[in-house]
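**Q** coords please:
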Amino acid sequence: MSKYIAAIDQGTTSTRCILFNQQGNIVSVGQKEHEQIYPQPGWVEHNPTEIWKNTLEVIALARINVSAHAQDIAAVGITNQRETTVVWNKRTGKPYYNALVWQDTRTTDLVAKYEREGGLNQFRDITGLPVSTYFSGLKLKWLLDNVEGIREDAEKGEAIFGNIDTFLIWHLTGGTHGGIHVTDVTNASRTQLMNLRTLQWDKSMLAAYNIPEIMLPAIKSSSEIYGYSDHEVLPGVPVAGDLGDQHAALVGQTCFEPGMAKNTYGTGCFLVMNTGTELKTSENGLLTTISYKFGDQPVQYALEGSVAVTGALVQWLRDNLGLIQNASDIEALAQTVEDNGGAYFVPAFSGLYAPYWRNDARGVIAGLTRYVNKGHIARAVLEATAYQTVDVVKAMEQDSGIELASLRVDGGMVHNQLLMQFQSDILDTQVVSPAVAETTALGAAYAAGLAVGYWKSTDDLKKNWAVAHTWNPNMAEETRNAYYKGWKKAVTKSYDWID
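**A** Numbering: from 1, shown residues only. The predicted structure follows:
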């Protein structure tokens, strides 16, 4: 039997290939960052060709580190930054334009147009999503309407669309020589073009956004053999798993029962709760989406709350203000003070996501006095992540009718002890991190491994899950309530900034 499963984790700032063994432990990692392109305020782009080249490089690195041959790898799974939108030519393999990243807000005027014409929630019953700059559908519409040649080529069947998962699978399985053009239900659910009940592209959505169906990938389950790699870095290896990054983290955290939830602390923050085979429509500003679908088993649904700026705020403090040299320095700086000094930071750099959905909001620091110093600002930056998580959890509990017993956490910010303790305190809930922190890549590996029989069932995956650290709440209720009241007041100060 092959020794490993490979996972390609194509994220917002970097691409990684991680090899996992049967116990779900990391054996080898290759990683490379890619350029962040900001052509105008609010515009965020990636070069898809650079991402593809980096993907090949990190696969080779991961293999070289442990001298792994192709036959040592049972399958490869892919997880990706969701909503990031690419259109390329299927004859040349060349993108028509840079990828529009999930954070990109150039479609703000389009959002306003749809809001005037039918309201932001007019498509929620079909797609589970509000009209927003976030999702791929409007980004694809912008490309079709603004980049010369795309619409014409799309209608001829030459220009094809995908999120990054689709772009990588197409290239891995042959590219211009018969590359497989597919996505999975989780990524498709983030385009705002898929019907959540039928799991197919919805004709009324395609008409509403004026998108030719011929350019869209086939929608598959999250765990099946889509094709085989014909590239020299992974010759003949089955490409067998595909999950958007937050869904992959849910799988990596083995949240297979309804009511189980995880929060991933990365560039943004993403809290997802498995609601089982029941599709729950949100009344509190959350997204209804897909948890995962394994092979021909029933689809599992989810509620999700997305926070746009969490880890990115720490990067901003480092890169734009120069208050810290490394992202990891923020904890020590925040520990120089006892509390936030009355300061709150609302990082609405590109509007507010769940549960507010305010495209008109912009970032504010509120409650400043002469007393506040850089330590207080650092603490306010960390606390912003915890407060935004509380906002989402409260909405999730109302929508699902389930009170969260504990929160499973992962992502880079989990290493910050001050943040995790404050998260537990302000939530008044136990917070638990797993022994294998790379749950996103692990989820993609699990999906691929299940498809080829490397793991027999989800019971095998549950056995692999182990606790690394537990944080328990230790804050007086009065203090908690006062902190949160201050946060809610600060949030209102960010509203109506953009006319």
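**Q** Buried ones in the longest helix seen in the chain, by neighbour count?
**A** Secondary structure of the chain read by DSSP state H shows that its longest helix is helix 374-400. Going by neighbour count (16 or more other Cβ atoms under 10 Å), the buried part of helix 374-400 is 375-397, 399-400. C-beta here means a position set from N, CA and C on the backbone, and glycine is covered the same way.
**Q** Checking the residue located most distally from the centre of the chain next. Helix, strand or coil?
**A** Here the chain reaches farthest from its C-alpha mean at Arg370, the gap being 38.2 Å by Cα atoms, centre = their mean. For Arg370, the assignment made with DSSP: H, G, I helix; E, B strand; the rest coil gives coil.
**Q** and the longest helix of the chain, what does it pack onto?
**A** strand 261-265, strand 269-276, strand 300-307, helix 311-319, helix 330-334, strand 344-346, helix 417-427, helix 477-492 (3 or more Cβ pairs under 8 Å, 6 or more residues apart in numbering; DSSP states H and E).
**Q** If we go by neighbour counts, what in stretch 335-353 is buried?
**A** 337, 340-341, 343-353.
**Q** Run the chain-centre distance for it.
**A** Stretch 335-353 has its C-alpha centroid displaced from the chain centroid by 22 Å (Cα atoms, centre = their mean, to the nearest Å).
**Q** Kindly export that stretch (C-alpha atoms) in CSV.
**A** Below are the C-alpha coordinates for stretch 335-353, written out as CSV (Å, rounded to 0.1, in the frame of the first residue of the first chain):
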residue,chain,number,x,y,z
GLN,A,335,1.1,41.6,27.1
THR,A,336,2.8,44.9,28.1
VAL,A,337,-0.7,46.2,29.2
GLU,A,338,-3.4,44.7,31.4
ASP,A,339,-6.3,45.4,29.1
ASN,A,340,-7.3,47.4,26.0
GLY,A,341,-7.3,50.7,27.8
GLY,A,342,-10.8,51.4,26.5
ALA,A,343,-9.7,51.1,22.8
TYR,A,344,-11.5,49.0,20.2
PHE,A,345,-10.4,48.3,16.7
VAL,A,346,-13.1,47.4,14.1
PRO,A,347,-11.2,46.2,11.0
ALA,A,348,-13.9,46.8,8.4
PHE,A,349,-11.2,47.4,5.7
SER,A,350,-13.5,46.0,3.0
GLY,A,351,-16.8,46.3,4.8
LEU,A,352,-18.2,44.0,7.5
TYR,A,353,-19.1,40.4,6.8
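**Q** average model confidence for it?
**A** Mean per-residue pLDDT for stretch 335-353: 93.
**Q** Any idea how many residues pack against Arg63?
**A** 22 (other Cβ atoms under 10 Å).
**Q** pretty sure it belongs to a strand, no?
**A** No - read with three-state DSSP, Arg63 is helix and lies in no strand.
**Q** How about the contacts made by it?
**A** Shown in contact with Arg63 (Cβ atoms under 8 Å, 6 or more residues apart in numbering): Leu19, Ser28, Gly30, His69, Ile73, Val233.
**Q** So which of those sit within strands?
**A** Of the contacts of Arg63, the ones assigned to strands by DSSP state E are Leu19, Ser28, Gly30, Ile73.
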